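Engineer: Model the structure of this input:
(one chain, ligands or ions: 1)
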Amino acid sequence: MTTEEKTKTKTLGKAAISLNGVGKKFSNTQVLEGISLDVSEGEIVALLGRSGCGKSTLLNIISGLLPFDQGTVSIEGVISKNYTDWHSIAYMFQEDRLLPWRSIIENVCLSLETGSSSFNERRQRAMKVLKIVGLEQVAHAWPYQLSGGMRSRAALARSLVINPSILLMDEPFSKLDPLTRSLMHTEVLRLQRERKVSVLLVTHDVEEAVVLADRIVVLAPSPGRVATIEPNQLSHPRVPTDPLVAEKIRQLRLKV
Ligand SMILES: Nc1ncnc2c1ncn2[C@@H]1O[C@H](COP(=O)(O)OP(=O)(O)OP(=O)(O)O)[C@@H](O)[C@H]1O
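Structural biologist: Residues are numbered from 1 along each chain as shown. As a prediction, this is how the structure comes out:
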């Protein structure tokens, strides 16, 4: 069995994302090598790893923002040997990236403006997702008037308005206080349950990975490659002080 085959985890459900031997160089530096990994439909996979091991680069490749050099990326069964404009993928960054000159609802509508829907249709869809994340009361407020947690929920609403089947998240909650972060975790788990969205989450927070993910992938650095894939079948809700959850967090910290 090749290394690539060993690191690839075959999952039971249909793959939403399938990476096969993905590699990426920046100039002459190999940043990612032989990344093979499936994310099943409706699964939450967390990506952990030291700073600079290529986590964001991998999300950028999957999202179609960045070309890659080796391997293939398949999104819902469609294979790409290089970057493609995928329509079923939403991407949430570390910063909320709300446009300050647009109201919250106008920010959410932004993702729909390249499509053919009318102004009223866009507003209706935006209001629907704002209700889902509990922000309908502040739909017409400006970004500066919202708390960090509310801005984060607005960014989530903007991602969801395109009705994605895949959500890529790059440390989206790292700047939130622990209580708000925990509320956002509940939100993500609800979305996964109700909308069957597949999530690939980059985080530095081992606790966050254990609380949210069905599987946790640890990347090793230089070049970034899959070091460990850890299944996580603990039942929800996963409270970090619960002995089983605490033990999982402890074990995983040893592997990162
Ligand atoms: N556009 C670029 N041009 C050249 N090198 C880059 C570029 N983007 C990233 N890199 C390099 O690729 C490597 C991986 O970067 P990346 O941001 O993917 O790491 P990361 O694991 O997400 O880091 P962190 O956890 O700190 O966010 C780093 O060495 C970085 O300097």
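
Engineer: Any part of stretch 61-72 near the ligand?
Structural biologist: No: Stretch 61-72 does not reach the ligand (Cβ under 6 Å from any ligand atom); its nearest approach is 7.9 Å. In short, each C-beta sits where N, CA and C put it, glycine included.

Engineer: ditto for stretch 156-174
Structural biologist: No: judged by Cβ under 6 Å from any ligand atom, stretch 156-174 stays clear of the ligand, getting no closer than 7.0 Å.

Engineer: Now do the same for that stretch: mean pLDDT, whole number.
Structural biologist: Mean per-residue pLDDT for stretch 156-174: 90.

Engineer: Give me the helices and strands touching the top helix by length along the chain, please.
Structural biologist: Longest helix in the chain by number of residues (criterion: DSSP state H): helix 178-195. With contacts taken as 3 or more Cβ pairs under 8 Å, 6 or more residues apart in numbering; DSSP states H and E, helix 178-195 sits against strand 44-49, helix 148-160, strand 198-202, helix 206-212.

Engineer: and residue 242, how many neighbours?
Structural biologist: Residue 242 has 13 neighbours, counted by other Cβ atoms under 10 Å.

Engineer: Tell me the confidence at it?
Structural biologist: On the pLDDT scale, residue 242 gets 95.

Engineer: What of the one 3 residues further on?
Structural biologist: We have a pLDDT of 96 for residue 245.

Engineer: Now stretch 125-134: buried residues?
Structural biologist: Using 16 or more other Cβ atoms under 10 Å as the test for burial, stretch 125-134 gives 125-127, 129-130, 132-133.

Engineer: out of those residues, who's near the ligand?
Structural biologist: Near the ligand, by the rule Cβ under 6 Å from any ligand atom, you find none of those.

Engineer: got the CA positions of the longest helix of the chain in PDB?
Structural biologist: The C-alpha trace of helix 178-195 is given here as PDB (Å, rounded to 0.1, in the frame of the first residue of the first chain):
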ATOM      1  CA  PRO A 178     -15.400  31.700  24.800                       C
ATOM      2  CA  LEU A 179     -19.100  32.000  25.400                       C
ATOM      3  CA  THR A 180     -19.900  33.500  22.000                       C
ATOM      4  CA  ARG A 181     -17.600  30.800  20.400                       C
ATOM      5  CA  SER A 182     -19.600  28.100  22.100                       C
ATOM      6  CA  LEU A 183     -22.900  29.600  20.800                       C
ATOM      7  CA  MET A 184     -21.400  29.600  17.300                       C
ATOM      8  CA  HIS A 185     -20.500  25.900  17.800                       C
ATOM      9  CA  THR A 186     -24.100  25.100  18.600                       C
ATOM     10  CA  GLU A 187     -25.100  27.100  15.500                       C
ATOM     11  CA  VAL A 188     -22.700  25.100  13.200                       C
ATOM     12  CA  LEU A 189     -23.900  21.700  14.700                       C
ATOM     13  CA  ARG A 190     -27.500  22.800  14.100                       C
ATOM     14  CA  LEU A 191     -26.700  23.600  10.400                       C
ATOM     15  CA  GLN A 192     -25.000  20.300   9.900                       C
ATOM     16  CA  ARG A 193     -28.000  18.500  11.400                       C
ATOM     17  CA  GLU A 194     -30.700  20.400   9.600                       C
ATOM     18  CA  ARG A 195     -29.100  21.300   6.300                       C
END
